[in-house]
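Chemist: test case, fold it:
(chains A and B)
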Protein chains: 2
Amino acid sequence: MNLKLYNYFRSSASYRVRIALALKGLEYDYMPVSLLKNEQFAESYAAVSASRLVPLLQDGDALITQSLAIIEYLDETHPEPPLLPGNALARARIRALAFDIACEIHPINNLRVLRYLVRDLKFSEDDKNRWYRHWVETGLETVERQLAAHTATGRFCHGDTPTLADITLVPQIFNAQRMDCRLDHVPTVMRVFGECMKLDAFAKTQPSACPDAS
Amino acid sequence: MNLKLYNYFRSSASYRVRIALALKGLEYDYMPVSLLKNEQFAESYAAVSASRLVPLLQDGDALITQSLAIIEYLDETHPEPPLLPGNALARARIRALAFDIACEIHPINNLRVLRYLVRDLKFSEDDKNRWYRHWVETGLETVERQLAAHTATGRFCHGDTPTLADITLVPQIFNAQRMDCRLDHVPTVMRVFGECMKLDAFAKTQPSACPDAS
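Modeler: You can find the predicted model right below:
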């Protein structure tokens, strides 16, 4: 049975999984779920997703949520090319870089939080944007320090092949650019971003290239 | 050389690693870093930590950041007892539950974000507490749905041995209780929490039992 990816073109967690599937060369059915239209709360989606979040991967009868759990699953079930290459220490560095984005930057700025700021806390558009930029700019500074300081940084975040770290970084940069965040203070981050975007797996799965892009 | 854990008694990400080390039966030097006193920004700490975050594990010359990356590293280097047991699908469910907390609840409420709310956005103590409780209560509801709906839930989040999911859940419940969050709507979560707290690995590493507790 085909893999099915429930996802949304602009969700950066969805974009992570699209990149991983493309790097693995895996075909899948693209199942759009519009977060803007709140389709994640529809009954039809609740039937497959107890968490009501995207992305969600369906592999036969199995339903897998959380982008990084999905990518680890793909890496275990389709080991080539490895997205967590190297020994335990290398893998720890790759995961830590991914978590520096997925646990320290992205969650504070996801659509759910931004909606709460505006609807419940009556943030102005300007205040919301300031919030967004603050966490992206300071968070990426941390990533920059880790990349610039470490000899294992190569063409990509870790070595010369794309890993889970790059898969997590690139969608965050797309968000940063869309929200006009400052990026001139993170030159290593942006060099790696440029290298990633030379690859089809990153370029052809980007938000604007998705079937549900609007 | 001994393992060294740079951590803070009240940091829930630190508590995760303490539980994992205890489940693995590993000895370590406890290196306190007070987030309240901003010791994570001291020059002595910057020398070991490019991210200026706790926890950080030192294993010989290796420095590993991000609690979940540290725990995956410990599980790869000391496989018994496994913290991610089972096949790829089981491991994906365990990781997804951990990320439902580590990526969806915890980051929105960490000390850095709360300080920004109060210092930069002039939130009152009441508004800050409302913010905190909102994300904990709605986030745990998602976890509850996943645990209650799934046949793989056992004595613990996944099966009858503690896993990465329980390791991530328990510190979040400690935070929730400290901040007087509502918990009566998540009975399965609280049943699992109770099972975990019967184990020394969870009970003896809890914040109030730490050398730097105050």
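Chemist: show me the shaky parts of chain A.
Modeler: Across chain A, residues meeting the criterion (pLDDT under 70) sit at A:1.
Chemist: how about the helices of it, start to end?
Modeler: A:12-23, A:43-46, A:67-77, A:88-102, A:111-115, A:125-149, A:164-178, A:187-197, A:200-203 (DSSP state H).
Chemist: so which of those helices gets nearest residue B:113?
Modeler: Closest to residue B:113 of the helices of chain A is helix A:125-149 (CB to CB; 8.2 Å). Any C-beta I mention is one placed from the backbone N, CA and C, and that applies to glycine too.
Chemist: same for the closest one, what does it pack against?
Modeler: With contacts defined as 3 or more CB pairs under 8 Å, 6 or more residues apart in numbering or on different chains; DSSP states H and E, helix A:125-149 has these neighbours: helix A:88-102, helix A:111-115, helix A:164-178, helix A:187-197.
Chemist: any chance of the ones you listed in JSON lines, with mean neighbour count and distance to chain B too?
Modeler: Converted to JSON lines, the helices and strands packed on helix A:125-149 look like this (neighbours: other CB atoms under 10 Å in any protein chain shown; distance: least, CB to the nearest CB, whole Å):
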{"stretch": "helix A:88-102", "mean neighbour count": "24", "distance to chain B": "4"}
{"stretch": "helix A:111-115", "mean neighbour count": "16", "distance to chain B": "6"}
{"stretch": "helix A:164-178", "mean neighbour count": "24", "distance to chain B": "10"}
{"stretch": "helix A:187-197", "mean neighbour count": "17", "distance to chain B": "12"}
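Chemist: one step back: just send the helices of chain A back as a markdown table, with distance to residue B:11 too.
Modeler: Output for those, formatted as a markdown table (distance: least, CB to CB, whole Å):
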| stretch | distance to residue B:11 |
| --- | --- |
| helix A:12-23 | 25 |
| helix A:43-46 | 35 |
| helix A:67-77 | 21 |
| helix A:88-102 | 15 |
| helix A:111-115 | 21 |
| helix A:125-149 | 16 |
| helix A:164-178 | 22 |
| helix A:187-197 | 26 |
| helix A:200-203 | 34 |
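Chemist: let me see the domain layout of chain A.
Modeler: Domain assignment for chain A, taken from automatic domain parsing, gives A:3-81, A:88-201.
Chemist: turn those into a markdown table, columns for distance to residue B:157.
Modeler: Formatted as a markdown table, the domains of chain A follow (distance: least, CB to CB, whole Å):
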| stretch | distance to residue B:157 |
| --- | --- |
| domain A:3-81 | 13 |
| domain A:88-201 | 19 |
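Chemist: out of the ones you listed, the one nearest residue B:203 is which?
Modeler: That would be domain A:88-201 among the domains of chain A, by CB to CB, at 25.8 Å.
Chemist: what's the offset of the closest one from the middle of its chain?
Modeler: 9 Å (CA atoms, centre = their mean, to the nearest Å).
Chemist: end-to-end on that domain?
Modeler: Using CA to CA, to the nearest Å, the end-to-end distance of domain A:88-201 comes out at 26 Å.
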